[in-house]
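> Sequence first, then the predicted structure, then my questions.
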Amino acid sequence: MSKVLIVDDERSIRHTLRDILEFEKYEVDEASDGMEALVKIKQNPYDVIILDIKMPKMDGMDALDKIQEIARETPVVMISGHASIDTAVEAVKKGAFDFISKPPDLNRLLITLRNAMDKSELITERKVLQTKVSNTRFQPIVGTSKCIGQIMSTIELVAPTDARVLVTGQNGTGKELVAHWIHQKSNRRDNPLIEVNCAAIPSELIESELFGHEKGAFTSAIKTRTGKFELANGGTIFLDEIGDMSLSAQAKVLRALQENKIVRVGGDKQIRVDVRVIAATNKDLRKLIDAGRFREDLYHRLAVIIIDVPPLKERVDDIPLLIQHFCLEICKDYGIPEKQFDAKAIKKLQTLPWTGNIRELKNVVERLIILGAKTISAQDVDRFVLPTAQSSLEMKEVLSRFTDLRELQRYIEQEYTNYQASIE
């Protein structure tokens, strides 16, 4: 429940506002002057403060200065029955969220409070996200191959700018890690990096996820929601798997990039956002454009800089370093003594196809650490890795025969029938 502090020396005003706000399901606290308000603000967090100007002991303008020092991010709505336009302007300049004359118009007061709550909620969500990011171990880009050197050089050049970046490559190659490094080395590093997996969000919800929605915009919209673009304001938004985004959402993203403004679903208010966009895809966007499934104008907006992350099979010289890195990381996570890979085990791992790229390699290293000896040998690889790799290759070979799901279904049904017959 959102919490509001009402600061006014007139008891009748406080009680009237309390009745109205409690009817609207707000939790309400009161203070009779600026001094009492400051004590309460130091002891309790509030989502919004309603602050009168003319009060004894400490008036509202002086109290506003103090609030800016101790709770700067808490929205303050100033109210007064005697103030002039100049006073209102001065209050807003000092950091007040809005100014309302007494007696307050009920509709305007409630709208102003809802807008202030939106700001407060946005600040809270950003703090949570920033905490998550700061608590997440930042992974290095491991490798000394020529292609990795080129990627790191490009990141160094691109990161300090606000240029949009399109990261391409197969699944599991580390596109997300490239996006993290660009943000980390940018001037926006102290602001959020908001990640959106476009493939994991249903097409009917993607616009709400990106741009937010107003209360009542659709059946399940029981409250106003802040979108990812707003949460990323001042920072970076990473649109992963952008090739899976619906055409209608693409149009809105394009407009947001052109105008630096977004509109929530079900709303008409334009909200200005300052966001750097990094996108990633494992698909050929040019082919999607030709097929009418991706907007060419959006592609050109996103692909100012293109970073292509190569598959692991094209950088096998990096595999020993990656194995060493994952081994140290996994042993530390599990709290077990560090294990070693002998030269023959590493050489054998370098010969595998690695269709799942670095993600697959990390899973294999984890499996060998759990199941293998203290020094992991080629025999451990033969025992715990090669049968699984062979089964995966065989399955890929089978699936490659089919271009139609119905053909694949008939094949599976026939194989099941054959299996049942073999055990009868």
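Here it is on my side, so go on.
> the bottom helix or strand of this protein by mean pLDDT?
Lowest by mean pLDDT, DSSP states H and E among the helices and strands of the chain is helix 386-399, with a mean of 53.
> For stretch 295-310, could you pull out the residues that count as buried?
295, 298-299, 301-302, 305, 307, 309-310 (16 or more other Cβ atoms under 10 Å). Every C-beta, even on glycine, is put in place using the N, C-alpha and C of the backbone.
> Check stretch 175-192 too.
Buried-residue list, stretch 175-192, by 16+ other Cβ under 10 Å: 175-183, 186, 188, 191-192.
> how far does it sit from the chain's center?
Its chain's average C-alpha position is 12 Å from that of stretch 175-192, according to Cα atoms, centre = their mean, to the nearest Å.
> First-to-last residue distance for that stretch?
18 Å (Cα to Cα, to the nearest Å).
> So what touches it?
For stretch 175-192, the surrounding residues in contact (Cβ atoms under 8 Å, 6 or more residues apart in numbering) are 126, 129-130, 133, 138-139, 141, 151, 155-156, 158-160, 165, 167-169, 193, 195, 231-236, 238, 240, 276, 278, 280, 282, 307, 309.
> Low-confidence ranges, the stretch 301-424 of the chain, go.
Along the stretch 301-424 of the chain, the model assigns pLDDT under 70 to residues 387-424.
> ranges for the strands of it?
Listed in chain order, the strands of the stretch 301-424 of the chain (DSSP state E, counting those that start in this stretch) span 305-308, 340-341, 375-376.
> closest to D65 among the buried residues of stretch 175-192?
Lowest distance from D65 to those (Cβ to Cβ) belongs to N191, with 26.3 Å.
> Can you classify that closest one as helix, strand or coil?
Using DSSP: H, G, I helix; E, B strand; the rest coil, the structure places N191 in coil.
> and the gap between G34 and D8?
Distance from G34 to D8, counting by Cβ to Cβ, to the nearest Å: 10 Å.
> hey, what's in contact with both of those two?
Common neighbours of G34 and D8 (Cβ under 8 Å, 6+ apart) are M55.
> what's the burial count for the nearest residue to L106 once chain neighbours are set aside?
Closest residue to L106 apart from its sequence neighbours, by Cβ to Cβ, 6 or more residues apart in numbering: I20 at 6.8 Å. Neighbourhood size, I20 [other Cβ atoms under 10 Å]: 16.
> re earlier: can you lay out the strands of the stretch 301-424 of the chain as CSV showing distance to A249?
CSV is the format used below for the strands of the stretch 301-424 of the chain (distance: least, Cβ to Cβ, whole Å):
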stretch, distance to A249
strand 305-308, 22
strand 340-341, 45
strand 375-376, 46
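> Any idea which of those gets closest to E366?
Using Cβ to Cβ, these put strand 375-376 closest to E366, at 11.6 Å.
> Now do that closest one: which elements does it pack against?
strand 340-341 (3 or more Cβ pairs under 8 Å, 6 or more residues apart in numbering; DSSP states H and E).
> quick one: contacts of the strand it packs on?
For strand 340-341, using Cβ under 8 Å, 6+ apart, the contacting residues are 323-324, 327, 349, 368, 374-376.
> What strands flank that strand, and is each parallel or antiparallel?
strand 375-376 (parallel) (DSSP bridges).
> Distance from the partner strand to the middle of the chain?
With Cα atoms, centre = their mean, you get 39 Å for strand 375-376.
> ditto for stretch 142-157
On Cα atoms, centre = their mean, the centre of stretch 142-157 falls 25 Å from that of its chain.
> tell me which residues in it are buried?
Within stretch 142-157, the residues that qualify as buried are 142-143, 145, 148, 151, 154-155, counting by 16+ other Cβ under 10 Å.
> right, and S377 touches K347 too?
No: S377 lies out of contact with K347 (Cβ atoms under 8 Å); the separation is 11.3 Å.
> Same drill for the two, tell me which one is more crowded.
Counted by other Cβ under 10 Å, S377 and K347 do not tie: S377 has more neighbours, with 18 against 14.
> about what we covered before: going by distance to I100, which of the buried residues of stretch 142-157 wins?
Checking the buried residues of stretch 142-157 one by one against I100 (Cβ to Cβ), the nearest turns out to be I155, at 48.6 Å.
> Just confirm the closest one is within a helix.
Yes: counting by three-state DSSP, I155 is located in a helix.
> State the distance from it to D240.
For I155, the distance to D240 (Cβ to Cβ) stands at 17 Å.
> Give me the below-cutoff pLDDT ranges for the stretch 101-250 of the chain.
Along the stretch 101-250 of the chain, segments meeting pLDDT under 70 span 120-138.
> so where do the helices sit in it?
Under the criterion DSSP state H, counting those that start in this stretch, helices of the stretch 101-250 of the chain are mapped to 106-135, 146-158, 175-184, 206-211, 228-231, 247-259.
> For the buried residues of stretch 142-157, give me TSV that also has distance to D62.
Below are the buried residues of stretch 142-157 laid out as TSV (distance: Cβ to Cβ, whole Å):
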residue	distance to D62
V142	56
G143	59
S145	63
I148	58
I151	55
T154	53
I155	49
